[in-house]
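Peer 1: generate coordinates for the sequence data below:
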Amino acid sequence: MESDAAARGSRRRERTRGLLLDAAEQLVSQQAPEEIRIEDVAAQAGISPASVYVHFGTKDALLAAVTERVLAVATETLRSAYAAETTPLERFAGVGAAYLRLLLDHPTVVKYLTATGERGPRTPVEEEVVARFSQLRREFEQSIRDAVDAGAIRQVDPELMSSFLFGAWNGVAALALRRDALALTPERVEAAVVEAGLMLLDGLIPK
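Peer 2: The predicted model follows:
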């Protein structure tokens with residue numbers, strides 16, 4: 001049985017690891033991975049640089065751990081929305097809300113998808129991001145197909161609709177990362193998607 005001291009040590013290590021992952025994720029959403037230094041992550045987390053090496057060994061391992069955590073959150077968030085015990089129409093709308101929340105809470109997702117879309121994946125980590133989101137996009141396609149089959153929305157091409165919405169959500173969420181006159185605050189991004197979503201649903205619901 002784990003002693004109290006060992007349990008406290010384990011909790012402390014997990015807390016430190018979490019702070020480092022949070023700091024690295026924030027920096028990844030603001031800078032290119034090659035620009036990030038271990039010292040920057042440590043300063044952001046308020047922890048000594050030595051702790052980064054103790055917990056992750058290398059910067060590449062730290063960034064890979066950030067990606068793994070973000071992918072796990074994305075997968076859990078979207079699959080929970082896909083599996084919601086509700087009507088096909090409510091599930092369709094719920095997936096959009098869940099995905100937007102994911103993008104706003106984890107802007108690294110937008111950064112990864114934008115980078116790989118512009119130049120293609122260059123590392124195993126980026127390839128995993130593309131593979132995972134391709135699968136999640138296909139699962140969203142199936143949720144649209146279910147809504148069509150149930151008569152909840154009018155006949156549309158599920159593949160094209162899922163691709164359009166996936167691109168639209170990513171594109172609007174990317175405005176929150178801009179540093180120029182085209183930037184929107186996360187609150188305005190959310191408001192824009194809600195307003196557009198209501199218009200879209202109005203057009204999709206059979207009259």
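
Peer 1: just the helices in this structure please.
Peer 2: Assigned by DSSP state H, the chain shows helices spanning 4-28, 38-45, 49-56, 59-82, 88-105, 107-119, 124-149, 158-174, 186-204.

Peer 1: show me what the fifth one is packed up against.
Peer 2: Contact analysis of helix 88-105 by 3 or more CB pairs under 8 Å, 6 or more residues apart in numbering; DSSP states H and E lists helix 59-82, helix 107-119, helix 124-149, helix 158-174, helix 186-204 as its packing neighbours. For every residue, glycine as well, the C-beta is placed using N, CA and C.

Peer 1: could you list every helix and strand in contact with the first one?
Peer 2: With contacts defined as 3+ CB pairs under 8 Å, 6+ apart, helix 59-82 has these neighbours: helix 4-28, helix 38-45, helix 49-56, helix 88-105, helix 107-119, helix 124-149.

Peer 1: if we use 6 Å, what do you get?
Peer 2: Helix 59-82 sits against helix 4-28, helix 88-105, helix 124-149, with contacts defined as 3 or more CB pairs under 6 Å, 6 or more residues apart in numbering; DSSP states H and E.

Peer 1: what about the protein, any weak spots by pLDDT?
Peer 2: Within the chain, the stretches with pLDDT under 70 are 1-3, 5-7, 9.

Peer 1: how far away is the residue nearest to the spatial centre of it from residue 184?
Peer 2: By CA atoms, centre = their mean, the chain has its centre lying nearest to residue 109, at 4.1 Å. Going from residue 109 to residue 184 by CB to CB, to the nearest Å gives 17 Å.

Peer 1: how many residues are close by the spatially closest residue to residue 106 that is not a sequence neighbour?
Peer 2: Take residue 106 and drop its neighbours on the chain: the residue closest to it by CB to CB, 6 or more residues apart in numbering is residue 70, 5.4 Å away. The tally of other residues near residue 70 (other CB atoms under 10 Å) stands at 22.

Peer 1: from residue 89, how far off is residue 70?
Peer 2: Distance check for residue 70 against residue 89: by CB to CB, it reads 29 Å.

Peer 1: skipping adjacent residues, who's closest to residue 78 in space?
Peer 2: Closest residue to residue 78 apart from its sequence neighbours, by CB to CB, 6+ apart: residue 136 at 5.2 Å.

Peer 1: wait, isn't that neighbour in contact with residue 79?
Peer 2: No - between residue 136 and residue 79 there is no contact under CB atoms under 6 Å: 7.9 Å.

Peer 1: who has more neighbours, the two?
Peer 2: Neighbours were tallied for residue 136 and for residue 79 using other CB under 10 Å; the higher tally belongs to residue 136 (21 against 14).

Peer 1: would you reformat the helices and strands packed on helix 59-82 as a markdown table and include distance to residue 171?
Peer 2: Shown next, in a markdown table, are those (distance: least, CB to CB, whole Å):
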| stretch | distance to residue 171 |
| --- | --- |
| helix 4-28 | 19 |
| helix 88-105 | 10 |
| helix 124-149 | 14 |
